[in-house]
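below is the sequence, then the predicted model.
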Amino acid sequence: MKETIRNFGAKVKEGFKKFWMDESGMGTVEVILIIVVLIGLVIVFKEQISGIVEDVFKTIREDTRAITN
């Protein structure tokens, strides 16, 4: 019985070690972390980004009015 428990413990330990060392999903994790950082930056600088976008669209509207007149 003790030997069975030791074997089971060793298998669990080995499985955990393989899981921990497996890097096949690292690309996905990295992409998700980059997206989270970008979303955080957008939230922090929302007002500044909105101001820049509004200025750009205002300039575009003014330029298109000048062309059509």
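All right, it came through fine. For clarity, every value in this text was computed on a predicted model and none was experimentally measured.

element containing Gly15?
Here Gly15, judged by DSSP states H and E, is contained in helix 2-21.

give me the contact list for that helix.
Helix 2-21 is contacted from outside by no residue at all, using CB atoms under 8 Å, 6 or more residues apart in numbering. For every residue, glycine as well, the C-beta is placed using N, CA and C.

what mean pLDDT does it have?
In this model, helix 2-21 has an average pLDDT of 80.

how about the CA coordinates for that helix, as CSV?
Backbone C-alpha positions of helix 2-21 (Å, rounded to 0.1, in the frame of the first residue of the first chain) are rendered in CSV as follows:
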residue,chain,number,x,y,z
LYS,A,2,2.8,2.5,0.9
GLU,A,3,4.6,1.6,-2.3
THR,A,4,1.4,2.4,-4.3
ILE,A,5,1.1,5.8,-2.6
ARG,A,6,4.8,6.6,-3.3
ASN,A,7,4.4,5.7,-6.9
PHE,A,8,1.3,7.8,-7.2
GLY,A,9,3.1,10.7,-5.5
ALA,A,10,6.1,10.3,-7.8
LYS,A,11,3.8,10.3,-10.9
VAL,A,12,2.0,13.4,-9.7
LYS,A,13,5.3,15.2,-9.0
GLU,A,14,6.6,14.2,-12.5
GLY,A,15,3.4,15.3,-14.2
PHE,A,16,3.5,18.6,-12.4
LYS,A,17,7.1,19.1,-13.3
LYS,A,18,6.3,18.4,-17.0
PHE,A,19,3.4,20.8,-16.9
TRP,A,20,5.5,23.5,-15.3
MET,A,21,8.3,23.1,-17.9
